[in-house]
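>>> Need the 3D shape of this:
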Amino acid sequence: MGKTATINVRVDEADKQSAEQVLKQLGMPMSTLVTLLLKQVSLTKSVPFAITLPEAPSSVSVEGMASDEFGQMMVDAYQEAENGQVRSANEFFKEFKEQHV
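Alright, predicted model coming up:
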């Protein structure tokens with residue numbers, strides 16, 4: 001059966017270039033990878049790799065942190081605020097997204 005269907009997908013340019021470099025080393029065109037993916041989805045009736053939510057980075061997770069570590073982190077944060085080392089919520093979330101998303 002001939003290939004007649006076309007798929008147009010918008011992706012991040014850096015992601016595309018990075019994937020193309022790997023595929024070039026493997027000697028595989030992007031279209032072959034997409035064909036393999038579609039065939040695996042059809043055969044297995046599932047996505048052929050795990051799709052999971054990432055765990056919170058340790059820098060924002062208190063799980064596994066000793067209570068004295070958490071206490072010291074709170075003292076340090078309070079001292080930073082007292083010394084005027086603060087930033088707006090918008091600045092914080094922008095930086096957080098850049099580092100963790």
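>>> What separation is there between Ile7 and Ala19?
Distance of Ile7 to Ala19, computed by C-beta to C-beta, to the nearest Å: 15 Å. Where C-beta positions appear, they are placed from N, C-alpha and C, glycine not excepted.
>>> Looking at these two, which is more packed in?
Neighbour count, other C-beta atoms under 10 Å: between Ile7 and Ala19, Ala19 has more, with 13 against 7.
>>> hang on, the more buried one packs against Met30?
Yes: applying C-beta atoms under 8 Å as the test, Ala19 and Met30 come out as touching, 7.2 Å apart.
>>> neighbours of Gln21, just the number please.
When counting by other C-beta under 10 Å, one arrives at 10 neighbours for Gln21.
>>> Now it: which helix or strand?
Assessed by DSSP states H and E, Gln21 sits inside helix 13-26.
>>> What is that helix packed up against?
Counting contacts by 3 or more C-beta pairs under 8 Å, 6 or more residues apart in numbering; DSSP states H and E, the secondary-structure elements packed against helix 13-26 are helix 30-44.
>>> pLDDT averaged over the helix it packs on - what is it?
For helix 30-44, mean pLDDT rounds to 95.
>>> Dump it to CSV, restricted to CA.
What follows is helix 30-44, C-alpha atoms only, in CSV (Å, rounded to 0.1, in the frame of the first residue of the first chain):
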residue,chain,number,x,y,z
MET,A,30,12.3,11.6,10.5
SER,A,31,9.5,10.2,8.4
THR,A,32,10.7,6.7,9.1
LEU,A,33,10.6,7.4,12.9
VAL,A,34,7.0,8.8,12.6
THR,A,35,6.0,5.7,10.6
LEU,A,36,7.5,3.4,13.2
LEU,A,37,5.7,5.3,16.0
LEU,A,38,2.3,5.1,14.2
LYS,A,39,2.8,1.4,13.6
GLN,A,40,3.6,0.7,17.2
VAL,A,41,0.6,2.7,18.4
SER,A,42,-1.6,0.6,16.0
LEU,A,43,-0.1,-2.7,17.0
THR,A,44,0.0,-2.2,20.8
